[in-house]
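A.B. asks: got a predicted structure plus its sequence, pasted below:
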Amino acid sequence: MDLTFSAEDRAFREEARTWLEENRPTEPRPAEWPDARDYDVAWQKTQYEGGWAGIAWPAEWGGRDLSMLRQLLWYEAYAEARAPALGVNFVGMSHAGPTLMARGTRDQQATHIPRILAGDEIWCQGFSEPGSGSDLASLSTRAVVDGDHLVVNGQKIWTSYANVAERQELLVRTDPEARKHAGITWVICDMSTPGIDVRAIRNIAGQEEFCEVFYDDVRIPLGNVVGELNDGWSVAMSTLSFERGTAFMADIVELAGTVERLIEQAKQAPAPHGTGRAYDDEVVRTQVGELRAEVSALRALNYATVSRIARTGKPGVEGSIVRFYFSRLLQRTQALGVEVLGSTTVGHDRLSPWAHGHLNAFRASIAAGTKDIQRNIIGERLLGLPKDR
């Protein structure tokens with residue numbers, strides 16, 4: 001691993017820390033829509049106006065085009081400042097925008113990229129379906145060419161922020177006779193188009209960030225196709241070229257902060273069994289100590305991953321190791337918080353942060369590739385095990 005911080009890098013880190021401290025929202029994100037959307041958009045606009053939006057985006061598209069090392073320093077400062085997550089801006093900034101840069105037409109790029117960066121256009125992702133989650137290429141939502149339009153029928157599910165988005169990156173099957181990876185098209189869908197029905201899904205934490213989306217003879221102009229008809233799989237995969245491995249550092253630093261807050265609160269809370277403070281219990285001290293050590297190890301692993309990508313320019317299987325281990329560690333941390341702090345995690349009119357965190361953490365082993373998919377990737381690509389039949 002070779003990550004050396006120069007004097008200029010350290011100055012950049014201080015600049016980022018200062019700006020974040022002076023500009024990050026001090027109020028918590030609202031729990032309900034549309035206030036939560038407004039909160040996310042306002043923060044995106046603040047970053048845009050301050051010159052900090054799209055730090056990994058090329059300068060020609062309004063980004064800062066930061067090096068891998070500078071991105072890492074930014075994300076660490078971001079997490080340390082406890083700045084808000086991208087929220088409703090996530091799909092546009094992390095998926096749709098980069099995909100349009102790589103494969104969109106000039107008109108598509110000029111129309112959407114500046115608006116995504118400025119927080120003026122919210123996107124959602126229409127990929128997963130009830131019958132095709134991990135096996136995305138088995139999707140069945142159908143689109144038929146009719147003149148200069150595609151006519152779409154089908155259903156998507158687990159579509160984050162579909163209830164507040166203006167646009168959607170939508171994968172549809174345009175050639176049912178082709179092999180499953182070859183008959184897919186990537187298209188820009190206007191969420192206000194007639195025939196679209198969005199139904200929010202309330203999760204166990206009481207949030208409605210996921211949605212079902214139904215399409216009934218939805219007409220989408222052929223000019224909204226990104227890339228070529230039936231080449232949508234390669235368009236979707238092109239987004240992976242923008243995965244730099246640094247964004248995950250913010251999640252790890254945030255998790256480290258969560259462990260430290262758990263330790264602080266355990267020193268004040270009564271012991272779950274017996275007398276004294278929770279932290280006085282030898283078992284509790286051992287458990288939180290192990291969590292602290294494992295977060296440090298995970299952080300070191302991610303540093304090594306970033307260092308390798310910086311040298312080779314290509315993400316490797318290490319990303320799946322970090323992803324898999326992080327999800328398990330997050331769930332253990334939140335579960336221990338509820339166990340150790342006991343009744344202090346229960347709120348009167350809404351979930352407390354620890355109870356909410358515990359319930360919300362269940363999705364960590366499913367989102368962005370299930371734990372089983374991550375295990376397969378690690379086993380096949382790193383350990384050389386036979387492919388799962």
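C.D. replies: Thanks, I have it.
A.B. asks: in the stretch 101-250 of the chain, which spans are helices?
C.D. replies: Taking DSSP state H, counting those that start in this stretch, the helices of the stretch 101-250 of the chain run over residues 106-118, 232-238, 247-266.
A.B. asks: the stretch 251-389 of the chain: helices as residue ranges?
C.D. replies: Going by DSSP H, counting those that start in this stretch, the stretch 251-389 of the chain shows helices at 282-312, 318-341, 353-360, 371-377.
A.B. asks: can you say which of those is nearest to Glu60?
C.D. replies: If you check each of the helices of the stretch 251-389 of the chain against Glu60 by CB to CB, helix 282-312 wins as the nearest, at 21.8 Å. To be clear about C-beta, it is placed using only N, CA and C from the backbone, and glycine gets the same treatment.
A.B. asks: buried residues in that closest one?
C.D. replies: Neighbour-count burial for helix 282-312 flags 284, 287-288, 291-292, 294-295, 298-299, 301-302, 305-310 (criterion: 16 or more other CB atoms under 10 Å).
A.B. asks: so what does that helix touch, helix or strand wise?
C.D. replies: Under the contact criterion of 3 or more CB pairs under 8 Å, 6 or more residues apart in numbering; DSSP states H and E, helix 282-312 touches helix 68-80, helix 247-266, helix 318-341.
A.B. asks: return the alpha-carbon coordinates of the first one using CSV.
C.D. replies: Coordinates of the C-alpha atoms in helix 68-80 are reproduced here as CSV (Å, rounded to 0.1, in the frame of the first residue of the first chain):
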residue,chain,number,x,y,z
MET,A,68,-8.1,9.2,-5.9
LEU,A,69,-6.2,10.4,-2.9
ARG,A,70,-8.0,13.8,-2.7
GLN,A,71,-11.4,12.0,-3.0
LEU,A,72,-10.5,9.8,-0.1
LEU,A,73,-9.5,12.9,2.0
TRP,A,74,-12.8,14.5,1.0
TYR,A,75,-14.9,11.6,2.0
GLU,A,76,-13.1,11.2,5.3
ALA,A,77,-13.6,14.9,6.1
TYR,A,78,-17.3,14.5,5.0
ALA,A,79,-17.9,11.6,7.4
GLU,A,80,-16.0,13.2,10.2
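A.B. asks: residues making contact with the helix or strand that that helix is followed by?
C.D. replies: Sequence-wise, the next helix or strand beyond helix 68-80 is helix 90-91, with elements assigned using DSSP states H and E. Here helix 90-91 makes contact (CB atoms under 8 Å, 6 or more residues apart in numbering) with Ile122, Trp123, Cys124, Gln125, Ser160, Tyr161, Ala165, Glu169.
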